[in-house]
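Participant: What follows is a protein structure lacking sequence information:
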């Protein structure tokens, strides 16, 4: 009988320890934050140490659906480029903190061929070279940090335009050339609107897909009232 009771008690202890191990396996030890996001991008690149290389880029093909003026609908394909944060430099740079990553969005050619929804956007003027759009930036001001970039969680990035560069469209044009502009309508009489404020949200997934939304406003050189540009987008790594 004693041997039998001992055997039963040992079985009970075995089940107890197995239960403890199962509970421990359910604990999520991953802390949301920047490092988790780096891991996502690193897994997409499949190359160790890639994030330490400033010149490495992460390219996405996205499709946008949106409105301008609140009621003009558009659908556009675009390229989105993500690079490791570029340190702001130049005599006109404003100290607003180094961005963990910088982002460029390119669709169409807003200045040369106005089509509704076309946009050239960058969080830093150095994104002109990454997007190959020739923004005619003054060389001394070639790395101006134009936005605040932060993580909302381990996968989602929030971009807020630093409005101090864009008190009016004219000053923006003299400083930034053709970067950060969009078209609200189509045609030879259409204007390129200078982006003066707004926010972009981007969520990256480990399977290489991306989604988000754009909510910005722009002003023309004539000083007309700001025009809205609102869109959602989704896509995947190119």
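Facilitator: Looks like it arrived, so ask away. Everything numeric here is computed off the predicted structure, so don't read it as measured data.
Participant: Looks like residue 80 contacts residue 211 (just checking).
Facilitator: No: using Cβ atoms under 8 Å as the test, residue 80 is too far from residue 211 to be in contact (11.0 Å). Where you see a C-beta, it was placed from the backbone N, CA and C, and this is true even at glycine.
Participant: Among the two, which residue is more densely surrounded?
Facilitator: Neighbour count, other Cβ atoms under 10 Å: between residue 80 and residue 211, residue 80 has more, with 25 against 16.
Participant: In terms of helices and strands, where is that one?
Facilitator: Residue 80 belongs to strand 72-84 when elements are defined using DSSP states H and E.
Participant: I'd like to know which elements that strand is packed against.
Facilitator: Strand 72-84 sits against strand 57-68, strand 101-107, helix 127-131, strand 227-237, with contacts defined as 3 or more Cβ pairs under 8 Å, 6 or more residues apart in numbering; DSSP states H and E.
Participant: Not counting its own residues, what contacts the shortest one?
Facilitator: The list of residues contacting helix 127-131 from outside it, by Cβ atoms under 8 Å, 6 or more residues apart in numbering, reads 57, 79, 81, 83, 86, 102-104, 106, 120, 122, 134-135, 137, 177, 179.
Participant: same thing but at 6 Å, please
Facilitator: Residues outside helix 127-131 that contact it (Cβ atoms under 6 Å, 6 or more residues apart in numbering): 81, 83, 104, 106, 135, 137, 179.
Participant: least confident pick among the residues you listed?
Facilitator: Minimum pLDDT for the contacts of helix 127-131 is recorded at residue 137 (62).
Participant: How about residue 220: what's its closest non-neighbour residue?
Facilitator: residue 191 (4.7 Å; Cβ to Cβ, 6 or more residues apart in numbering).
Participant: Just give the number of residues close to the one you found.
Facilitator: With other Cβ under 10 Å as criterion, residue 191 counts 21.
Participant: pLDDT at it, what is it?
Facilitator: For residue 191, the predicted pLDDT is 85.
Participant: Identify, from the contacts of helix 127-131, the entry nearest to residue 74.
Facilitator: Set against residue 74, the nearest of those by Cβ to Cβ is residue 106 (15.3 Å).
Participant: And the residue lying closest to residue 105 once chain neighbours are set aside, how far from residue 179?
Facilitator: Leaving aside its sequence neighbours, residue 105 sits nearest to residue 121 (Cβ to Cβ, 6+ apart; 4.4 Å). According to Cβ to Cβ, to the nearest Å, residue 121 stands 8 Å off from residue 179.
Participant: Report how many residues lie close to residue 206.
Facilitator: By other Cβ under 10 Å, the residues close to residue 206 number 12.
Participant: still on that earlier bit, export the helices and strands packed on strand 72-84 to CSV and append columns for mean neighbour count.
Facilitator: CSV is the format used below for the helices and strands packed on strand 72-84 (neighbours: other Cβ atoms under 10 Å):
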stretch, mean neighbour count
strand 57-68, 18
strand 101-107, 24
helix 127-131, 20
strand 227-237, 19
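Participant: quick one, which of the ones you listed is nearest to residue 196?
Facilitator: Between the helices and strands packed on strand 72-84, strand 227-237 lies closest to residue 196; by Cβ to Cβ that is 9.9 Å.
Participant: And the contacts of that closest one?
Facilitator: With Cβ under 6 Å, 6+ apart as the contact definition, strand 227-237 has outside contacts at 44, 60-70, 182, 184, 193, 208-218.
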